[in-house]
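**Student:** Here is a sequence together with a model predicted from it:
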Amino acid sequence: MSERLRGLGVGTGRVVGPAVVVSSSMPEPPPGAAGAEPAAEAADAAVALQWVAGRLGEFAATATGEAKDILDAQVLFAADPGLAADVAERTGAGVPAARAVFEAFGRYRELLGSAGDYIAARVTDLDDVRDRTIARLLGLPPPGVPYLDEPGVLVARDLAPADTATLDPARVLGFVTAEGGPTSHTAIIARSLQIPAIVGCAGAMEIAAGTRLLVDAGAGVVVVDPSESQIASAGSHPNRPHHDTGRPGATADGHAVALLANVGGPADAAAAVAAHAEGVGLLRTEFLFLGRDEEPSVAEQVAAYADVLGPFAGSRVVVRTLDAGADKPLPFLSLADEANPALGRRGLRAMQDPPDVLDRQLAAIATAARSCSAVTWVMAPMVADVEDTRWFLERARGHALDVVGVMVEIPAAALQAGAILELADFASLGTNDLAQYALAADRLSGPLGRFQDPWQPAVLRLVQMTADAGARQRKPVGVCGEAAADPMLACVLVGLGIGSLSMSASAIPVVRGQLAAVGYDECVRLAELALGAVSAVDARAAVADALR
Ligand code: PEP
Ligand code: MG
């Protein structure tokens with residue numbers, strides 16, 4: 001008997017294949033000192049840690065974007081001298097190498113777990129380094145994706161960057177994970193590799209290896225052990241991109257929708273150019289500030305911004321001012337500890353008192369803009385109300401930046417978009433944070449992934465209110481959260497009145513292809529269907545059905 005499991009679909013493809021279960025946990029090495037030769041155990045542990053650092057370093061060298069950042073951080077964990085000293089101390093006391101590694105990582109784990117949400121989310125990355133080291137010491141296969149000798153659907157609790165760094169996209173038909181939301185690592189990877197996926201799928205861990213699965217990403221459904229007739233009626237089509245025309249974004253009947261790229265560093269800017277992005281819809285300037293103990297100088301900022309603006313002569317580049325705090329901690333700002341950082345001094349709020357960091361950044365953006373011929377717009381993150389809007393507009397215009405907008409990522413700003421857009425020149429919806437705040441669900445929480453979903457009709461209503469306000473004020477309103485990278489949702493957003501979509505460059509060809517396949521009136525109808533649905537799952541399923 002076949003069984004249907006529901007989750008969040010990533011992509012629109014449908015695939016059928018055997019389940020390949022990815023084991024994520026390594027058994028705990030038993031305690032016990034008997035027979036352990038301290039010097040040899042210490043040497044084994046040190047060699048294993050070095051080997052793991054080397055392997056992860058190799059993965060990092062071929063990875064890009066967020067996966068690369070995580071892998072680089074994992075290399076630092078594996079090569080950490082404090083950790084090595086802790087392991088050596090334990091082996092010196094007669095603990096076998098694998099157990100000493102387990103215990104030493106355990107201590108780091110506790111430290112990380114109590115260091116705030118962003119860092120706590122890195123615990124999985126730390127565990128992955130621990131398990132790789134233990135596997136090496138015990139001669140076991142490393143955790144993660146096994147070698148696939150035939151095409152299959154990967155089933156896992158969640159996938160780590162190191163898992164996906166080695167996978168062969170030609171043999172992976174789809175992903176099904178128990179945890180994760182639309183902005184999780186698995187979803188980002190699935191989107192960039194164009195592999196249909198279902199994330200946040202309760203019940204995934206009960207799927208036995210080898211069971212045949214039908215993954216219908218568009219409907220957010222996994223059919224376990226489907227019948228032949230279910231397979232035949234679903235049809236199978238992986239969501240590989242169509243040939244990319246590189247044309248400006250538009251619906252089939254010519255309604256223009258600017259397709260822009262989200263850029264979080266110089267490599268992304270090159271990818272944006274290669275994907276024929278019509279500009280940059282979100283330049284996350286944090287890349288220059290993250291992990292620094294000191295603020296980068298104005299000259300360094302000017303050079304970095306000019307590098308991104310340079311290739312976009314004549315096109316729009318929307319520079320977002322620093323979005324610090326909560327999931328993006330910045331050491332040099334030394335923000336006070338807060339019980340709820342996501343509801344605290346983050347984004348624009350972290351820049352207001354005193355405003356000197358923001359002033360230096362605006363000065364740098366203005367100087368870079370004058371030196372290039374990109375059309376430079378500037379916007380602030382986490383704008384809550386008219387007062388925030390007025391404050392930011394005044395500061396940015398004081399630096400002779402003349403197109404100044406706000407990000408709408410707090411529900412209050414969407415509800416008051418009319419008043420805000422009377423003042424601001426444009427608005428850009430950050431649907432990642434908008435979903436987090438509308439559904440009161442931490443964007444980094446795996447178990448709450450179901451709420452972190454821009455298909456939630458409540459989020460779509462906030463998008464609609466903002467788009468309507470933009471239409472009334474004749475001011476552009478775009479989307480720059482992950483929502484824009486979902487080709488079906490892109491149609492819905494266009495139907496809601498959104499004029500530009502900004503996404504990771506890898507998603508642009510697919511979104512372009514999907515938009516070119518529907519008329520504008522159809523987008524409006526899809527938007528009505530999604531808004532009328534009672535849940536994110538129903539909204540996605542209704543739109544997938546209509547597009548079929
Ligand atoms: C968002 O919140 O949707 C967004 C685009 O900004 P970030 O993901 O950088 O917070
Ligand atoms: Mg945001």
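**Tutor:** Thanks, I have the structure now. Numbers count the residues shown, from 1 in each chain. Ligands and ions are numbered 1, 2, ... in the order given.

**Student:** Going by neighbour count, which residues of stretch 450-470 are buried?
**Tutor:** Judged by neighbour count (16 or more other CB atoms under 10 Å), stretch 450-470 contains these buried residues: 450-457, 459-470. In short, each C-beta sits where N, CA and C put it, glycine included.

**Student:** whoops, stretch 87-106 was the one
**Tutor:** Of the residues in stretch 87-106, those buried (16+ other CB under 10 Å) are 87-88, 90-91, 95-102, 104-105.

**Student:** Out of those, name the ones that lie in strands.
**Tutor:** Of the positions in the buried residues of stretch 87-106, not one sits in strands, assigned by DSSP state E.

**Student:** Among those, which one lies nearest to Phe426?
**Tutor:** Sorting those by distance to Phe426 puts Phe105 at the head of the list, at 47.2 Å, by CB to CB.

**Student:** ok, now which ones touch the closest one?
**Tutor:** Under the criterion of CB atoms under 8 Å, 6 or more residues apart in numbering, the contact partners of Phe105 comprise 83, 126-127, 129-130, 133.

**Student:** Please apply the same query to Gln464.
**Tutor:** Contact partners of Gln464, counting by CB under 8 Å, 6+ apart, are 496-497, 527, 531.

**Student:** So which of those sit within strands?
**Tutor:** Applying DSSP E to those, no entry is found in strands.

**Student:** Could you rank the residues you listed by neighbour count and give me the top one?
**Tutor:** Per-residue neighbour counts (other CB atoms under 10 Å) across these peak at Leu496, which has 25 neighbours.

**Student:** Isn't it up against Met465?
**Tutor:** No. Under the criterion of CB atoms under 8 Å, Leu496 makes no contact with Met465, lying 9.5 Å away.

**Student:** What residues does the stretch 251-400 of the chain have near ligand 1?
**Tutor:** The stretch 251-400 of the chain has residues 282, 284, 323 near ligand 1, with proximity defined as CB under 6 Å from any ligand atom.

**Student:** What is the burial count for the last one?
**Tutor:** What it means is Asp323. Other residues near Asp323 number 25, with proximity taken as other CB under 10 Å.

**Student:** circling back: helices - which of the contacts of Phe105 land there?
**Tutor:** 83, 126-127, 129-130, 133 (DSSP state H).

**Student:** Select the longest helix from the protein.
**Tutor:** Assignment by DSSP H; longest helix in the chain turns out to be helix 38-62.

**Student:** Please state the offset of that helix from the chain centre?
**Tutor:** Computed by CA atoms, centre = their mean, to the nearest Å, the separation of helix 38-62 from the middle of its chain amounts to 29 Å.

**Student:** Could you see whether ligand 1 lies near stretch 505-516?
**Tutor:** No. Using CB under 6 Å from any ligand atom, stretch 505-516 stays clear of ligand 1, coming no nearer than 13.4 Å.

**Student:** How much space separates the nearest residue to Val101 once chain neighbours are set aside from Gly291?
**Tutor:** In space, Val101 comes closest to Thr133 once its chain neighbours are excluded; the distance is 5.0 Å by CB to CB, 6 or more residues apart in numbering. Here the distance between Thr133 and Gly291 works out to 24 Å (CB to CB, to the nearest Å).

**Student:** Could you count how many residues lie near Ala483?
**Tutor:** Here the number of neighbours of Ala483 (other CB under 10 Å) works out to 28.

**Student:** How about the contacts made by the residue lying closest to Gly499 once chain neighbours are set aside?
**Tutor:** Nearest non-adjacent residue to Gly499, counting by CB to CB, 6+ apart: Pro476, 5.3 Å away. Contacts of Pro476 were listed using CB under 8 Å, 6+ apart, and they are 426-427, 470, 499-500.

**Student:** same thing but at 7 Å, please
**Tutor:** Residues counted as contacts of Pro476 (CB atoms under 7 Å, 6 or more residues apart in numbering) are 426, 470, 499-500.

**Student:** Residue numbers of this structure in contact with ligand 2?
**Tutor:** Within the chain, the positions lying close to ligand 2 (CB under 5 Å from the ion) are 409, 430, 433.

**Student:** let's see 8 Å
**Tutor:** Within the chain, the residues that sit near ligand 2 (CB under 8 Å from the ion) are 323, 347, 381-382, 407, 409, 430, 432-433, 481.

**Student:** out of those, which are buried?
**Tutor:** In terms of neighbour count (16+ other CB under 10 Å), the buried residues within the residues of the chain next to ligand 2 are 323, 347, 381-382, 407, 409, 430, 432-433, 481.

**Student:** for the record, mean pLDDT for the lengthiest strand in the chain?
**Tutor:** Identified as the longest strand of the chain according to DSSP E is strand 14-21. Here strand 14-21 scores 92 as its mean pLDDT.

**Student:** what sits up against that strand?
**Tutor:** For strand 14-21, contacts defined as CB under 7 Å, 6+ apart pick out 146, 148, 151-155, 173-174, 196, 207-216, 231, 234-238.

**Student:** Also stretch 285-297?
**Tutor:** Under the criterion CB under 7 Å, 6+ apart, residues 264-265, 301, 304, 319-323, 328, 330-332, 357, 361 lie in contact with stretch 285-297.

**Student:** Show me what counts as buried in that stretch.
**Tutor:** Counting neighbours by 16+ other CB under 10 Å, stretch 285-297 gives 285-289, 295-296 as buried.

**Student:** does the closest residue to Ile420 other than its chain neighbours count as helix, strand or coil?
**Tutor:** On the basis of CB to CB, 6+ apart, the spatially nearest residue to Ile420 that is not a chain neighbour turns out to be Thr389, at 5.0 Å. Secondary structure of Thr389, reduced to three states by DSSP: H, G, I helix; E, B strand; the rest coil: helix.

**Student:** how many neighbours does Thr389 have?
**Tutor:** Neighbour count for Thr389, taken as other CB under 10 Å: 25.

**Student:** Need the contact partners of the longest helix of the chain.
**Tutor:** 68, 71-72, 74-75, 78-79, 84, 87-88, 91-92, 94, 96-97, 100-101, 129, 132-133, 136-137, 162, 165-166.

**Student:** buried residues in it?
**Tutor:** Of the residues in helix 38-62, those buried (16+ other CB under 10 Å) are 38, 41-42, 44-45, 48-49, 52-53, 55-56, 59-60.

**Student:** Then stretch 305-319?
**Tutor:** When burial is assessed from 16+ other CB under 10 Å, stretch 305-319 yields the following buried residues: 305-306, 308-309, 311-312, 315-319.

**Student:** So which of these sit within strands?
**Tutor:** Assigned to strands by DSSP E, the following of the buried residues of stretch 305-319 qualify: 316-319.
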